[in-house]
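Novice: quick one, fold the following:
(one chain, ligands or ions: 1)
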Amino acid sequence: MSDTERSIFSRIIAREIPATIVAETDTLIAFEDIAPQAPVHLLVVPKTEDYRNVTELASGNPALMAEMVALAQQLATERAGGDFRLVFNTGPSAGQTVFHVHAHVLAGTLGEGTLA
Ligand code: AMP
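Specialist: Here you go, the predicted model:
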């Protein structure tokens, strides 16, 4: 796969571009979003680039999706008392800009009824 085909998240996983990495497992990486929308705003990203969005992930590897949720819970517990919002933007008109599945973990004091 050429550099132009690889996602920006694959380049973070490979340490080719910097990020503030907060957790890593054999299958996942988590790092701070560069443009935070909440007091805690992390991205949980599978190391595989096989799934472009959460729909593909849920049908293709539900166990990996469950790992993402568990890591999100762990990070929210460590940083914000355990409550969190999990967002998967899916498709360009829903705000997805990186087509390598990722979960936004939003935590801290969040407004009621808002999406970010
Ligand atoms: P989405 O719009 O749902 O595809 O989410 C992509 C997210 O990646 C956005 O919230 C960006 O702020 C974030 N992002 C893009 N580049 C970087 C980067 N180099 N380091 C950390 N977060 C990034």
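Novice: how far off centre is the lengthiest helix in the chain?
Specialist: Ordering each helix of the chain by length in residues (DSSP state H) puts helix 62-80 first. Relative to its parent chain, helix 62-80 has a centroid offset of 10 Å by Cα atoms, centre = their mean, to the nearest Å.
Novice: what about the next helix or strand after it, near the ligand?
Specialist: For helix 62-80, the succeeding helix or strand toward the C-terminus, using DSSP states H and E, is strand 85-87. No - under the criterion of Cβ under 6 Å from any ligand atom, strand 85-87 makes no contact with the ligand; the nearest approach is 7.3 Å. For every residue, glycine as well, the C-beta is placed using N, CA and C.
Novice: test my guess that Val44 contacts Ala76.
Specialist: No - at 10.5 Å, Val44 does not count as touching Ala76 under the criterion of Cβ atoms under 8 Å.
Novice: ok, which residues in this protein are in contact with the ligand?
Specialist: Checking the chain against the ligand by Cβ under 6 Å from any ligand atom, the hits are 8, 17, 19, 31, 33-35, 43, 89, 95-98.
Novice: show me what the longest helix of the chain is in contact with.
Specialist: 22-23, 25, 27-28, 30, 39-40, 42, 44, 46, 48, 54, 57-58, 82-84, 86, 103, 105, 107-108 (Cβ atoms under 8 Å, 6 or more residues apart in numbering).
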